[in-house]
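A.B. asks: how does the following fold in three dimensions:
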Amino acid sequence: MCTLRFPVGSIQLFCPRFNSTVSAKVWTTELCDVLVVASITKALSENGGLNSLSRDADSITFTEDVVLQVIRRGSVDVPKKLAFFKWLSSIPSYRHSVTTYSQMLKAVTFFPHQYNHHIIELLSMMKCDGLTLDSGTLKLILSGLIKAQKFEFALQVLDYVEKELMNSCLSPDVYCPVVVALVRKNQISIALSVFYKLLDACSMPDAFSCNELLVGLKRGGLKDEFRDVFRRLRDMKLYPLDRWGYNICIHTFGSWGDLRTALCLFKEMKEKGGSVYPDLCTYNSLIQVLCLLGKVNDALVVWKELKDSSGYEPDSFTYRILIQGCSKSYRTNDAMKIFREMQYNRIETETVTYNSLLDGLFKSRKLTEACSFFETMVDNGVRPSCSTYNILLDGLYRNERPEAAYSLFSDLKRKGNDFIDGVTFGIVILNLCREDRLKEALQLVEEMEARGFAIDLVTVTSLLVALHNKGKWDWTERLMKHIRGGNLVPNVFKWKSKMESSLMSPQSKDRDFTSMFPLASDVTEVLELTKAIDTKNNDSNISEDVDIRDDDYEEWSSSPHMDQLAREISSSQTYSSSHLFESSRGVRVMSNGEESFDTDMVNTFLSIFLAKGKLSLACKLFEIFSNMGVNPVSYTYNSLISSFIKKGYFKEVWGVLQAMGETTYPADIATYNLIIQGLGKIGRADLASSVLDKLQKDGGFIDIVMYNTLINSLGKTGRLEDTGKLFQQMRTSGINPDVVTYNTLIEVHSKAGKLKEANKFLKMMLDAGCAPNHVTDTTLEYLKREIEKQRYQKASIIPISTNGNHP
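C.D. replies: Here you go, the predicted structure:
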């Protein structure tokens, strides 16, 4: 039996029913409540406390205030509070109120992992008592469950309350935590419908739920839905509500190429000031956007403003963005300067930063510098990742060092799976296919699967292309034997079978004798088209020569260049959010699962047909799948353009370019390489400068292939002075000439009779350590014949004196 220091029955002695004054009555009532609460608390803390309370229940006056104080007591465990709460429900003289239920629910919600199952039970008791739950308590319950990652249970609670405990509509702000719960459960469509209901009810959701929803839409790649939510929130003239919201929208719209919206939001942040004034995250987002759109010059200016006048110091993320942007645009000299400044400022350099710079050095043909940089990375205590070794392998293959690459691959395999992954095998298999070492490639596929790595579509299609190019059609069945896991290979062969059936089946004759692409009879017509597009999108291509000033231009600003960009865009009435250059080169296989499977397979078989010279079959495949709704991408168009150029079908080339300009897929660096190659073949290399101007206006950059293409086109038209300037520009920009560059320069100078210059480039090639190839041998044989020919001509024109003797 429980023994109380103050027996519950005797508490009435301390609680007089009548007093002479109001103050005395209040004092004695409060004292009475304190003693009752203390006695109940004491009883609950001991075993059998509820039995003692049951015996003395008739002598205790349970008030709402007493019950609330007991529930709020931290010394009483939640299970004992629940037992006390349920026991009170059984007493005829007492009835719980909405306030006591709310307090009990709050106490349970404070420990959602342990007692969440009691929430529905309490709500059911509340229903039996004929009470309704207030919106504030419900929101508190939902928020607590969401913080505890109990998303499904939070939705169950909401559903129960809506059906059983609500006589009127819930307050709209109750649904804000629900939106967050649905987004984090990856149920974006349901979250979106709930959000729209809130907006339809003319209720503005809180900033946190708005931001969470937009982040979820961005991660899901739901561009149209993101823009629609943003538009509707902007129509209410209340969003973004905080700095986080602005930063989310700036980063998202910028990464989708909508520079205007991003810069206008930045301008709005500065105008509002206060708690939404741009911070370091804002600047980092804008720098990243500019780099993604190829506007590295602008990004570097903004970076300088960030350091000089913004009041913020660049962090590791800032430096990483800039190094990635400079490396991808072949500006390795700038990337190295930024890296050294990063080290000087003692900012931690992560593996991903080293990887970006290492990849840029390899792509710029700086093999020696790249290998030395890798050694520096290891010496600095930065641990290489699988991506680091993949970059090394790809860089060695790219720089004509296949033996070194395969030796490194063999060493990594011996060390175990911690140093390699599926991408590692894919790189080696792809290059073995290019070297016609198909048996070794198939053996690696078996080993890859034995090690537990998944075979991806890139690897399968690389093998498929290599087998078809070698005419080994029967070997395709061996892929089924080598790749036994998963459904990828069966799906590829099913698609191939359907494709062959579609090619064999009769097609509609409605479009017979009509062009597949828009008619463009002359290259100047295409250039006029690009000028029109440039006019339409001139604001998305910010030019440094434009100097637009507003009357209210501030004399001083912490970010004058960003302000200038924002003014230029906001003052334009014809801006289009699309951009005309893709900084990353188009790939044959995008590997986006079922979403891109058809496009990936079309690109693969286009490559197969075009490599065999079956242009008509490739065009038929393109037309069939275009009519079926499979959207071509940059790689698809580039494949057709390349083949048309080889065949000399230049009118079709310009037509493909025109069709490409009407799609949502922008041109990449490969597209511009093909354009210049085509101009060179038709003797219009003089237009190359116009193409380069357009490339740079579209945010593009010149890579080593572009330099080689330009040098070849200009050299064949006799513009050797321009080739020399390009060669110097190439070296100044941080790109090392490769064997193709030197071979081209030697050839064009030899054929132009500039043998001294040709010999100079040969010497430069050898001094640079650039290994000659078979093309070099052919070029040198031609150079040797030209030198001998020149010597013979000089010998044959030596004047002879009148006496028959040489002077």
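
A.B. asks: pLDDT value on the spatially most central residue of the chain, please?
C.D. replies: Closest to where the C-alpha atoms of the chain average out (C-alpha atoms, centre = their mean) is residue 255, at 7.7 Å. Note for residue 255: predicted pLDDT of 88.

A.B. asks: wait, doesn't it sit right on residue 293?
C.D. replies: No: the criterion here is C-beta atoms under 8 Å, and residue 255 misses it with residue 293 at 9.1 Å. Where you see a C-beta, it was placed from the backbone N, CA and C, and this is true even at glycine.

A.B. asks: ok, now which ones touch residue 429?
C.D. replies: Counting by C-beta atoms under 8 Å, 6 or more residues apart in numbering, residue 429 touches 441, 444-445, 448, 459, 462-463.

A.B. asks: residue 42: which of those residues is nearest?
C.D. replies: When these are compared for distance to residue 42 (C-beta to C-beta), residue 448 comes out closest, at 70.6 Å.

A.B. asks: how about that closest one, nearest residue that isn't a chain neighbour?
C.D. replies: Leaving out its chain neighbours, the residue that sits closest to residue 448 by C-beta to C-beta, 6 or more residues apart in numbering is residue 425, at 4.3 Å.

A.B. asks: list the buried residues of the helix or strand harbouring the one you found.
C.D. replies: Per DSSP states H and E, residue 425 falls inside helix 422-434. By neighbour count on 16 or more other C-beta atoms under 10 Å, the buried set for helix 422-434 is 422-433.

A.B. asks: over to stretch 234-247?
C.D. replies: Neighbour counts over stretch 234-247 (16+ other C-beta under 10 Å) mark 239-247 as buried.

A.B. asks: which of the residues you listed fall in helices?
C.D. replies: Among the buried residues of stretch 234-247, the residues falling in helices (DSSP state H) are 243-247.

A.B. asks: where in the stretch 351-500 of the chain is pLDDT low?
C.D. replies: Filtered on pLDDT under 70, the stretch 351-500 of the chain yields the residue ranges 473-478, 480-482, 484-486.

A.B. asks: number of nearby residues for the residue lying closest to residue 356 once chain neighbours are set aside?
C.D. replies: Of all residues not flanking residue 356 in the chain, residue 324 sits nearest, at 4.4 Å (C-beta to C-beta, 6+ apart). For residue 324, the neighbour count with other C-beta atoms under 10 Å is 21.

A.B. asks: specify the local secondary structure of residue 324.
C.D. replies: helix (DSSP: H, G, I helix; E, B strand; the rest coil).

A.B. asks: what strand or helix carries the residue nearest to residue 640 when sequence neighbours are not counted?
C.D. replies: Spatial nearest neighbour of residue 640, chain neighbours left out: residue 656 (5.5 Å); criterion: C-beta to C-beta, 6+ apart. If you go by DSSP H and E, residue 656 is part of helix 650-661.

A.B. asks: just checking, next helix/strand downstream of that helix?
C.D. replies: Next along from helix 650-661, by DSSP H and E: strand 667-668.

A.B. asks: part of a strand, is residue 471?
C.D. replies: No: using three-state DSSP, the assignment for residue 471 is coil, not a strand.

A.B. asks: got the contact list for it?
C.D. replies: Counting by C-beta under 8 Å, 6+ apart, residue 471 has no contacts.

A.B. asks: how close does it sit to residue 361?
C.D. replies: Between residue 471 and residue 361 the distance is 38 Å, computed by C-beta to C-beta, to the nearest Å.

A.B. asks: and the host helix or strand of residue 86, which residues are buried?
C.D. replies: For residue 86, the element it lies in under DSSP H and E is helix 78-89. Using 16+ other C-beta under 10 Å as the test for burial, helix 78-89 gives 78, 80-82, 84-88.

A.B. asks: equivalent analysis for stretch 339-356, please.
C.D. replies: Across stretch 339-356, burial judged by 16+ other C-beta under 10 Å covers 339, 342, 347, 349, 353-356.

A.B. asks: nearest to residue 487 among those residues?
C.D. replies: Nearest to residue 487 out of these is residue 355 (C-beta to C-beta; 32.6 Å).

A.B. asks: got a list of contacts for the one helix or strand the closest one maps to?
C.D. replies: Assigned by DSSP H and E, residue 355 falls within helix 351-363. The contact list for helix 351-363 (C-beta under 8 Å, 6+ apart) reads 316, 319-320, 323-324, 326-328, 330, 332, 335-336, 339, 342, 369-370, 373-374, 377, 382-385, 387-388, 391-392, 394-396, 398-399, 703-704.

A.B. asks: which members of those are classed as buried?
C.D. replies: Buried by 16+ other C-beta under 10 Å: 319-320, 323-324, 326-328, 330, 332, 335-336, 339, 342, 369-370, 373-374, 377, 382, 384-385, 387-388, 391-392, 394-396, 398-399, 703-704, out of the contacts of helix 351-363.

A.B. asks: then the helix or strand hosting residue 297 to CSV, C-alphas only?
C.D. replies: When elements are assigned from DSSP H and E, residue 297 belongs to helix 296-309. Taking Å, rounded to 0.1, in the frame of the first residue of the first chain, the C-alpha atoms of helix 296-309 are listed here in CSV:
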residue,chain,number,x,y,z
VAL,A,296,33.7,32.0,-67.2
ASN,A,297,34.9,35.6,-67.8
ASP,A,298,31.9,37.0,-65.9
ALA,A,299,32.3,34.4,-63.2
LEU,A,300,35.9,35.5,-62.6
VAL,A,301,34.9,39.2,-62.4
VAL,A,302,32.1,38.3,-59.9
TRP,A,303,34.7,36.3,-57.9
LYS,A,304,37.0,39.4,-57.7
GLU,A,305,34.1,41.6,-56.6
LEU,A,306,33.2,39.0,-53.9
LYS,A,307,36.7,39.2,-52.5
ASP,A,308,37.1,43.0,-52.8
SER,A,309,33.8,44.6,-51.8
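
A.B. asks: let's test this: mean pLDDT of it, rounded?
C.D. replies: Mean per-residue pLDDT for helix 296-309: 90.

A.B. asks: now tell me what touches it from outside.
C.D. replies: With C-beta under 8 Å, 6+ apart as the test, helix 296-309 has contacts from 280, 283, 286-287, 290-291, 312-314, 318, 321-322, 325-326, 329, 331, 334, 542, 544, 557-562, 565, 701.

A.B. asks: with stretch 487-500 instead?
C.D. replies: Applying C-beta under 8 Å, 6+ apart, the external contacts of stretch 487-500 come out as 455-457, 460-461, 464, 476, 479-480, 483, 597-598, 601, 605, 621.

A.B. asks: gap between residue 327 and residue 366?
C.D. replies: As for residue 327, its distance to residue 366 is 11 Å (criterion: C-beta to C-beta).

A.B. asks: residue 142 too?
C.D. replies: To residue 366, residue 142 is 57 Å away according to C-beta to C-beta.

A.B. asks: isn't residue 586 up against residue 641?
C.D. replies: No: with contact defined as C-beta under 8 Å, residue 586 does not count as touching residue 641 (11.5 Å).

A.B. asks: burial of the nearest residue to residue 109 once chain neighbours are set aside, as a residue count?
C.D. replies: Residue nearest to residue 109 in three dimensions, not counting chain neighbours: residue 144, with 4.0 Å by C-beta to C-beta, 6+ apart. Residues lying near residue 144 (other C-beta under 10 Å) number 21.
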